[in-house]
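K.L.:
sharing a model that was predicted from the sequence below.
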Amino acid sequence: MPFTTTMRFRAGKYFRTVMSGMFMSRFALRLSMVLMLSASAAHAQNLSPAAPLSPQLGKVASGELVAAWDMTILPSGDGLPQGSGTTETGARLYLEHCVACHGEGGVGGLNNVLVSDEPRPFGETGGKRTVGNYWPYATTLFDYIRRAMPYSHPQSLDDNEVYALTAYLLYRNGVVPAHFEANASALPKVVMPNQEYFIRAYPDWNP
Ligand code: HEC
């Protein structure tokens, strides 16, 4: 069942799924949750009370829990929340929440390099894949930061802060000007430098 594998994501796994062109619709995400939940409910029924030695793992997820994970942003921007944030605010937040792992301005840190416009066309090895030279959609950057960063405290930032950090990283990558306000209408209009090098795996599928 291909959907279940995407639910076991850590941030990186989700990232790779998105980057491989398998963009999930919100419907597919919900469907996969339902499938998982019904599988775990059936499993729980099978185990009790006939199998007292089982670890009895798992419980039915509440609607609240499912809603909390129903946070996928599509490339089109579908799902982007209200709110906004500027490059200037993002620069300040970056120093507070991100610089320790990603380095000053997004380079030279312990973890992934976030800034580079050095081209890295498909098929070529070497070089770093970054937001600027690889990511196809600015909307995915919002989704990723909100879902997974800071790595040590994922989902601790509010939507305005995530918008601001998205704006800042786009600016640092030379994609938007020094003053830019990211919000639900501005982000889908940002054209990422590497976008044209992505090939749609399912050209007729328009979620
Ligand atoms: C504790 C260390 C840590 C902190 C703090 C942190 N990150 Fe990360 N970040 C990581 C790691 C590790 C990865 C790679 C995760 C993976 O591949 O699963 C990553 C990956 C990323 C990526 C994807 C990079 C790419 O192209 O592969 C982005 C974007 C990002 N972080 C943004 C942020 C932002 C914005 C903040 C601050 C709100 C932040 N990070 C704070 C450790 C951190």
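P.N.:
The structure has been received and is ready for your questions. Numbers count the residues shown, from 1 in each chain.
K.L.:
so which residue is smack in the middle of this protein?
P.N.:
The C-alpha lying nearest the average C-alpha coordinate of the chain belongs to Tyr144 (C-alpha atoms, centre = their mean; 2.3 Å).
K.L.:
got the residue ranges for the strands in the chain?
P.N.:
In the chain, strands defined by DSSP state E lie at 84-86, 181-183, listed in chain order.
K.L.:
winner for burial among the ones you listed?
P.N.:
Stretch with highest mean neighbour count among the strands of the chain: strand 181-183 (a mean of 23; mean count of other C-beta atoms under 10 Å). For the C-beta atoms, the positions are set from N, CA and C on the backbone; glycine is no exception.
K.L.:
which outside residues touch it?
P.N.:
Among residues not part of strand 181-183, those counted as contacts by C-beta atoms under 8 Å, 6 or more residues apart in numbering are 80, 83-86, 138, 142, 163-164, 166-167, 170.
K.L.:
residues from this structure in reach of the ligand?
P.N.:
Proximity of the chain to the ligand, by C-beta under 6 Å from any ligand atom, involves residues 10-12, 97-98, 100-102, 111-112, 114, 129-131, 144-145, 149-152, 165.
K.L.:
same thing but 5 Å
P.N.:
Contacts of the chain with the ligand, taken as C-beta under 5 Å from any ligand atom, map to 11-12, 97-98, 101, 111-112, 145, 149-152, 165.
K.L.:
which one is Leu170 nearest to, not counting chain neighbours?
P.N.:
Nearest non-adjacent residue to Leu170, counting by C-beta to C-beta, 6 or more residues apart in numbering: Val176, 4.5 Å away.
K.L.:
report the contact partners of that neighbour.
P.N.:
Contacts of Val176 (C-beta under 8 Å, 6+ apart): 87, 167, 170, 190.
K.L.:
circling back to that earlier point, lowest-confidence one in the residues of the chain next to the ligand?
P.N.:
Lowest pLDDT among the residues of the chain next to the ligand: Gly12, with 43.
K.L.:
domains for this protein, by residue range?
P.N.:
Domains of the chain are assigned by automatic domain parsing as 2-69, 84-197.
K.L.:
tell me how far the residue lying closest to Tyr163 once chain neighbours are set aside lies from Asp143.
P.N.:
Distance criterion C-beta to C-beta, 6+ apart; nearest residue to Tyr163, sequence neighbours excluded, is Gly85 at 3.3 Å. Here the criterion is C-beta to C-beta, to the nearest Å. By it, Gly85 lies 15 Å from Asp143.
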